[in-house]
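Give me coordinates for this.
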Amino acid sequence: MTDQAPCILWFRRDLRRADHPALRAAASGGRPVIPVFIRDAAVDGLGAAPRWRLERGLEVFARTLEDAGSRLILRSGPALEVLEELVEETGATAVYWSRLYDPQARERDARVKSGLRDRGVEAKSFPGHLLFEPWTVETGQGGYYKVYSPFWRAVKDRDLPDPCPRPDLTAPDTWPENEVLADWSLGAAMRRGAEVVAGHVTAGEEAANRRFGQFVSQGLSDYASDRDRLDRDGTSGMAEYLSLGEVSPLTLWHKSLSGTGKGAETFRKELVWREFAYHLIYHTPHLVEDNWRPEWDRFPWNEDERRAEVKAWKQARTGEPIVDAALREMYVTGRMHNRARMIVASYLCKHLLCHWRIGQAWFEDCLVDWDPASNALGWQWVAGSGPDAAPYFRVFNPETQAEKFDPDGTYRRRWIAEGKARPTATARSYFDAVPARWNLSPDADYPDRIVGLREGRERALSAYEDSKS
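Presented below is the predicted three-dimensional model:
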C-alpha cells in the first residue's frame, strides 16, 4: 500500500524492463506504476507481419511484467482520449513514455503532451530508443548530417552512459479495466503464413539478450567479413528486437565493447547507421514518403503495382535466383538478410524501374523487423533518391552479388525448390507461407528471367541520364 499517486507508463516500441529511462523515472521513490499499451491508429496502420510480431511481443512482455508483480493494461482508441480516461480512473498525476521520431508519432505525442498538461497532468517523454537524440548531433555549421561517414565520425568516440538497471515495480492499490489481447486479432492478416513464420521467431527481452550473447561470443569477431555472406549466419539478428525495443541500442553498444578488432567496430557502425536513419527522419520527415532528393521527382518510375513484373517480384518468381531466394526468405522467416535487401531493392528500382515506394510498402507489410526510419532510408539509398555520397548511379548486378556473397549457391538452394529433386524443407515451406490464391507449387518449373540483366541495367542508366536533362 502507498499513498503516492500512480504514474502511467505508456509503452510503445520499448517492450522491456532493462535500460528503460522512462520506466525507471516512473518507478522512482516506490511510486506505483501502471504500464499501458494503447491500440491506436498507428498500431492499426501497421502491416500484417509487424502487427503479428507486435502481438507476440506484447504476449511475452505482459508475462514479464506479471513476473515482476505488475501487469500490462491494454486499451483501444485515440491515445489522448485513452490516457485521459485512465487518469480519471486511476488518479494518476503523471504519464511518461519513451520518445519516437517518425512524423506520425511526433505529431501524436505532441498532441498528447499538450492535452495532458492542459489537464494539469505531468506529461514527460524520455530517451531510450536511440543512442543519441537527433538534435544533439550537429555539423560544424550547426546543421544536420546528410552523409553517413561524417555522422559516424562525429559520434563514434562520444561517451555514452551505462545502461540503467531494471527498477522494482510497485503496483497500484487497484488496477483499471483491461482489454484482452486475443480480442484485438493483431495477427489475423498474416493468415496461414503466421504458422510458418512463428517457427522462426522468438519474441521478448530474454530472447534478445540470449541471441546477442551468442553473437558476441561466436560471431562478433568475424562480423566484418561475415555480415555480407548470405550463406552464413554472420549477423546479430537484433533488428526485430530493436524495432519493438525489446533490447536497447545502448545495451548492445556496451556489450559489443567486450569485442576487439574490426568486427566489433563494424557492428557499432551498423548501430549508428540506424541512428543516421532516425537523424534524417527527424530533420527531414519527407524521407518517409517523398524523394529525399527533389530532383528525383523527374525520374520515370513505374508506380503501377498491377504490372506483371511487380507481381512476379512480389511472388518471388522473377527468374533471378538470388532475388527470388531473398524474397522467399522473408515470407518464411519474416526477415531478410541485409545484403539481400539491397539486391532485391536494386532489382526492383533499377532493373524493373519500379518506384521505391512499392518496395517500401511491401517490406512494411512483410517484415517482422520493420522499422519506419531504416526501411525508408534503405529503399531511398538503394534507389538513388536518398542520401548517398557515391558520385554515380548504383546498379547492383544480381549475378555478381550472388557469386561474391553466395559463392557455392547455399543460400539459393536453401530457399528455391523448383527444379530440385530434393528441395530443402525451408524451400518447400515458402509454398505454405504465401497466399493460397497465388496457386504456386514446388513442382512447377522455375520461371525464366522477366528481364535480362544487361537489358535492365542499360534501361535504368538511360532513364537516369534522361531524367537529368
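
does L9 sit in a helix or strand, and which one?
strand 7-11 (DSSP states H and E).

Which strands border that strand, and is each parallel or antiparallel?
strand 33-39 (parallel), strand 94-98 (parallel) (DSSP bridges).

Following element in sequence after that strand, please.
Once strand 7-11 ends, the next helix or strand along the chain (criterion: DSSP H and E) is helix 21-26.

Off-centre distance for that next one?
Relative to its chain's centre, helix 21-26 lies at 24 Å (Cα atoms, centre = their mean, to the nearest Å).

If you average the pLDDT over the strand holding L9, what comes out?
Strand 7-11 carries an average pLDDT of 98.

Mean neighbour count and distance to E205 added to the strands paired with strand 7-11, as TSV?
Just so you know, the C-beta spots here come from the backbone N, C-alpha and C atoms, and that holds for glycine as well. Shown next, in TSV, are the strands paired with strand 7-11 (neighbours: other Cβ atoms under 10 Å; distance: least, Cβ to Cβ, whole Å):
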stretch	mean neighbour count	distance to E205
strand 33-39	23	14
strand 94-98	23	14
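
With mean pLDDT and distance to E107 as extra columns, can I get those strands in CSV?
Converted to CSV, those look like this (pLDDT from 0 to 100; distance: least, Cβ to Cβ, whole Å):
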stretch, mean pLDDT, distance to E107
strand 33-39, 98, 15
strand 94-98, 98, 14
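
ok, back up a step: how far off centre is the strand holding L9?
23 Å.

And for stretch 5-13?
Worked out by Cα atoms, centre = their mean, stretch 5-13 lies 23 Å from the chain centre.

Just the buried residues of it, please?
Buried positions in stretch 5-13, judged by neighbour count with 16 or more other Cβ atoms under 10 Å: P6, C7, I8, L9, W10, F11, R12, R13.

And for stretch 230-244?
Neighbour counts using 16+ other Cβ under 10 Å place 230-232, 234-244 of stretch 230-244 among the buried residues.

ok, which pair from the residues you listed is furthest apart?
Pairwise distances across these peak at 28.3 Å for D231 and L244 (criterion: Cβ to Cβ).

which residues does the residue lying closest to G384 once chain neighbours are set aside contact?
The shortest distance from G384 to any non-neighbouring residue, by Cβ to Cβ, 6 or more residues apart in numbering, is to F393 (6.0 Å). Applying Cβ atoms under 8 Å, 6 or more residues apart in numbering, we find F393 in contact with G384, A460, L461, Y464.

Can you say which helix or strand has F393 in it?
Taking DSSP H and E as the definition, F393 sits outside all helices and strands.

and A390, how many residues sit next to it?
8 (other Cβ atoms under 10 Å).

Domain parsing of this structure, as residue ranges.
Split into domains by automatic domain parsing, the chain comes to 1-128, 190-284, 287-468.

would TSV of those with distance to P167 be doable?
Below are the domains of the chain laid out as TSV (distance: least, Cβ to Cβ, whole Å):
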stretch	distance to P167
domain 1-128	4
domain 190-284	14
domain 287-468	27
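
Can you give me the buried ones in the longest helix along the chain?
In the chain, assigned by DSSP state H, the helix with the most residues is helix 261-283. For helix 261-283, a neighbour-count test (16+ other Cβ under 10 Å) marks 263-264, 266-283 as buried.

where in the stretch 1-150 of the chain is pLDDT low?
1-2 (pLDDT under 70).

one step back: nearest to P398, of the contacts of F393?
A460 (13.1 Å).

Using the three-state scheme, assign the closest one.
Taking DSSP: H, G, I helix; E, B strand; the rest coil as the rule, one finds A460 in the helix state.

Skipping its backbone neighbours, what lies nearest it in space?
Nearest non-adjacent residue to A460 (Cβ to Cβ, 6+ apart): K350, at 4.2 Å.

Neighbours of that neighbour, how many?
K350 - counted by other Cβ under 10 Å - has 24 other residues nearby.

And W362, how far from L327?
9 Å (Cβ to Cβ, to the nearest Å).

between the two, who's got more neighbours?
Ranked by neighbour count (other Cβ under 10 Å), W362 and L327 place L327 first, with 25 against 20.

tell me what the one helix or strand that one maps to is packed against?
Using DSSP H and E, L327 sits within helix 321-333. On a contact count with 3 or more Cβ pairs under 8 Å, 6 or more residues apart in numbering; DSSP states H and E, helix 321-333 meets helix 193-198, helix 308-314, helix 338-346, helix 356-366, helix 398-405, helix 410-415, helix 425-433.

In this structure D432 contacts R192, no?
Yes: between D432 and R192 there is a contact at 7.0 Å, judged by Cβ atoms under 8 Å.

what residues are up against L271?
If a contact means Cβ under 8 Å, 6+ apart, then L271 has L131, P249, L252, W253, S256 as its contacts.

for the domains of the chain, which one sits closest to Y145?
With Cβ to Cβ, the closest approach to Y145 among the domains of the chain belongs to domain 190-284: 6.3 Å.

thinking again about what came up before, please work out the angle formed by the directions of the longest helix of the chain and helix 338-346.
Put simply, helix 261-283 runs at 40 degrees to helix 338-346, going by axes from the mean of the first three to the mean of the last three Cα atoms, to 10 degrees.

pLDDT averaged over helix 261-283 - what is it?
For helix 261-283, mean pLDDT is 97.

Report the distance from it to the chain centre.
14 Å.

and if you look at stretch 167-181?
In terms of Cα atoms, centre = their mean, the centre of stretch 167-181 is found 29 Å from the chain centre.

which one of the contacts of L271 is nearest D67?
Proximity of these to D67 (Cβ to Cβ) peaks at L252, which lies at 23.4 Å.

So the closest one belongs to a strand, correct?
No: per three-state DSSP, L252 lies outside any strand segment and is helix.

Correct me if wrong: it contacts G237.
No: the criterion here is Cβ under 8 Å, and L252 misses it with G237 at 11.2 Å.

re earlier: can you tell me which of the buried residues of stretch 230-244 lies nearest to V201?
E240 (7.4 Å).

Many thanks, we can stop here.
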